[in-house]
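# Give the three-dimensional model of this entry:
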Amino acid sequence: MNLFCVPLPAVALLVVALLNVALFGEDDVSMEIQRNDEAGELTVVMEGREILTYQYGPDFAIPHYWPVRSPSGKLLTVQHPNPYPHHRSLWIADKLQCDGGPVVDFYHCVKNYNQKDQPESGFRHFIRHQRFGEVKAEAGRAVIEAELTWFVNKTTPVLDERRRVSVTALGKGEYLLDLAWELKASHGDVKILSDDVHYAWPYVRMHPQFSGESGGTLVNDRGQQGQSGTHGQVAKWIDYSNTVAGTTEGLALFIFDEGNEHRWLTREYGTFGPRRPEAYSGSKFNLRVGDSLRGRVGILVHRGDVNSGKVAVRYRQYLEGRH
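Residues are numbered from 1 along each chain as shown. Model prediction:
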């Protein structure tokens, strides 16, 4: 069986995510974590400034990361875009079915209200944050571990998820997120029903001010540009950058190379993200009870464009675990 779809001990997920964090970064940059359980927000603060917030409150059907801020403090991503109000900045969701139960589209979360078109009625299908694991901040680095469960009809669990994000300061307001996850079929067999349009793991929805429609540049490691050149193509990384109010900044997504090729979803309006390896992408497959889907990406928030931001160099450093 492909290594992407075998059971993964929790400790292995945590160890693999630690590899690069321990080996590069700027140790003289202050980092702290601010936690507000009442609001369902956990914020990473670097040099006294919010750079990333984990949104885990029950008002949302999907835990996600927003805002994600640029080195100069601008919003790089958007939480409630129009159109596509189900997009959530930086997130993981999919369409699935467990043991003959209903087909549930967690991605289109606004279709899962208890009463149609009434957000105030709450959700009947959702992904819920259960608890935190390790949460710490030290000079130049922060770590957030979270355990989540995917629920159908409010009470039926279908997937258990472990997620770890490490934040490493790179200096001058730049930083790297190293996001690793494991989704385990702990409660029965699960059919994954992704299609070619509505999934990427993870998804990123850029703020309109950084989108291709606003003059932003979308480019992959092969030099292919724009939606027409990058959508559905194999790539190791993709960068989205633009000049906003006179300052050029961007966000790049890195594939942690586990030996598989990944195709990408890209859109000029600002959405992009990698697909799973080909054997588990754009086709329906079963995740047997006890088996896991896992993945890992780097998310580089940088100054400049793809060239001046040294995206290719930093991708190599990410793989090597150094800076």
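# shouldn't residue 75 be in contact with residue 69?
Yes: using C-beta atoms under 8 Å, residue 75 makes contact with residue 69 at a distance of 6.5 Å. No exception for glycine: its C-beta is placed from N, CA and C like everyone else's.
# who has more neighbours, those two?
The residue with more neighbours, out of residue 75 and residue 69, is residue 69; 22 against 18, by other C-beta atoms under 10 Å.
# neighbours around the residue nearest to that one when sequence neighbours are not counted, how many?
Of all residues not flanking residue 69 in the chain, residue 51 sits nearest, at 5.1 Å (C-beta to C-beta, 6 or more residues apart in numbering). Using other C-beta under 10 Å, residue 51 has 25 neighbouring residues.
# what bits of this protein have low per-residue confidence?
In the predicted model of the chain, residues 1-25, 322-323 satisfy pLDDT under 70.
# So which residue is smack in the middle of this structure?
residue 202 (3.8 Å; C-alpha atoms, centre = their mean).
# Burial check on the closest residue to that one other than its chain neighbours, number of neighbours?
With C-beta to C-beta, 6+ apart as the criterion, residue 202 has its nearest non-adjacent residue at 4.9 Å, and that residue is residue 92. Residues near residue 92, counting by other C-beta under 10 Å, number 24.
# OK, contacts around residue 92?
Counting by C-beta atoms under 8 Å, 6 or more residues apart in numbering, residue 92 makes contact with 62, 161, 181, 201, 202, 203.
# quick one: residue 314 is in a helix?
Yes: Residue 314 forms part of a helix when assessed by DSSP: H, G, I helix; E, B strand; the rest coil.
# is it true that it touches residue 299?
No: at 11.2 Å, residue 314 and residue 299 do not qualify as touching, with contact defined as C-beta under 8 Å.
# Next, show the common contact partners of these two.
Joint contacts of residue 314 and residue 299 (C-beta under 8 Å, 6+ apart) are 176, 252.
# Perfect, I'm done here.
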